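> quick one: sequence and predicted model below, then my questions.
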Amino acid sequence: MTEARTPLEQLRYCSLCPNICRAAWPLERGPYPEGEAPSAVAYLALQVAEQRIEAAPDILASVSRLDVAEACRAACPHGVDTPAAVRSLVLVRGA
Ligand code: SF4
């Protein structure tokens with residue numbers, strides 16, 4: 001279990017993680033989509049949340065791709081909920 005508890009802390013934590021949860025990706029859905037890995041989405045969402053990049057439509061479309069993060073969430077050994085953090089900090093708030 002991670003020390004990261006706030007949504008922002010969870011994005012920071014996940015963005016630096018080597019996607020340990022990838023083993024939970026169901027291969028019948030195809031090869032693991034690296035560009036939509038939880039850490040990739042978390043990193044991009046973090047840049048928006050911390051106002052380093054603008055919440056442009058293409059950026060929001062990218063951080064909205066949460067299928068992989070949702071599929072792998074239960075396998076996160078750190079207790080991070082990246083989809084919830086992304087939604088609360090970027091998608092709901094509109095950053
Ligand atoms: S969801 Fe958990 S295991 Fe997966 S990349 Fe993020 S911190 Fe790592």
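All right, it came through fine.

> mind listing what's buried in the helix or strand that residue 44 is a member of?
Secondary-structure assignment from DSSP states H and E places residue 44 in helix 38-49. Neighbour-count burial for helix 38-49 flags 38-49 (criterion: 16 or more other Cβ atoms under 10 Å). Placement of C-beta: from N, CA and C, glycine included.

> just checking: which of the residues you listed also lie near the ligand?
Among the buried residues of helix 38-49, the residues that sit close to the ligand (Cβ under 6 Å from any ligand atom) are 38-39.

> possible to save the buried residues of helix 38-49 as JSON lines with distance to residue 68 and pLDDT?
Below are the buried residues of helix 38-49 laid out as JSON lines (distance: Cβ to Cβ, whole Å; pLDDT from 0 to 100):
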{"residue": "38", "distance to residue 68": "7", "pLDDT": "98"}
{"residue": "39", "distance to residue 68": "10", "pLDDT": "98"}
{"residue": "40", "distance to residue 68": "9", "pLDDT": "98"}
{"residue": "41", "distance to residue 68": "8", "pLDDT": "98"}
{"residue": "42", "distance to residue 68": "11", "pLDDT": "98"}
{"residue": "43", "distance to residue 68": "14", "pLDDT": "98"}
{"residue": "44", "distance to residue 68": "13", "pLDDT": "97"}
{"residue": "45", "distance to residue 68": "14", "pLDDT": "97"}
{"residue": "46", "distance to residue 68": "17", "pLDDT": "97"}
{"residue": "47", "distance to residue 68": "19", "pLDDT": "97"}
{"residue": "48", "distance to residue 68": "18", "pLDDT": "96"}
{"residue": "49", "distance to residue 68": "19", "pLDDT": "96"}
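
> residue 34 touches residue 41, doesn't it?
No - assessed by Cβ atoms under 8 Å, residue 34 is found out of contact with residue 41, at 11.2 Å.

> tell me the phi and psi of the residue sitting furthest away from the middle of the chain?
Relative to the centre of the chain, and counting by Cα atoms, centre = their mean, the farthest-placed residue is residue 28 at 21.6 Å. Torsion angles at residue 28 (phi, psi; degrees, to the nearest 10) stand at phi -70, psi -10.
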